[in-house]
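Enquirer: quick one, fold the following:
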Amino acid sequence: MGVSYEDVGEFGDRNAAEDWARRNNIDLRDLHYRDTARGVEVGIRKGTRDRDDRLNDRYGGRRDGFWS
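Expert: Numbering: from 1, shown residues only. So this is what the prediction gives:
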């Protein structure tokens, strides 16, 4: 059975994505990275995020844009 990921957005680099995940209490093992010319796109394993939409660009003091 494969693992499905839900896109959470673009970050400048992996460190920025990991900082965001820590602020949102997301286990780093649940992240999936895809390098792009502008940084990194991040997905999170489905079923691990809360369904109350707390993971948005305003939560946790996120400084990077969600979608550039």
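
Enquirer: how many neighbours does the residue nearest to Lys46 when sequence neighbours are not counted have?
Expert: Closest residue in space to Lys46, ignoring its immediate chain neighbours: Ser4 at 4.5 Å, by CB to CB, 6 or more residues apart in numbering. C-beta here means a position set from N, CA and C on the backbone, and glycine is covered the same way. Around Ser4 there are 10 other residues, counting by other CB atoms under 10 Å.

Enquirer: look up how far Gly39 lies from Ser4.
Expert: Separation of Ser4 from Gly39 (CB to CB, to the nearest Å): 23 Å.

Enquirer: if we can go back for a sec, the residue nearest to Lys46 and Arg34, how far apart?
Expert: 15 Å.

Enquirer: cool, Ile26 as well?
Expert: 17 Å.

Enquirer: and these two? which has more neighbours close in?
Expert: Counted by other CB under 10 Å, Ile26 and Arg34 do not tie: Ile26 has more neighbours, with 21 against 11.

Enquirer: can you verify that one is assigned to a helix?
Expert: No: applying DSSP: H, G, I helix; E, B strand; the rest coil, one finds Ile26 to be coil, outside a helix.

Enquirer: which strand residues bridge Gly39?
Expert: Beta-bridge partners recorded for Gly39 (DSSP bridges): Thr36.
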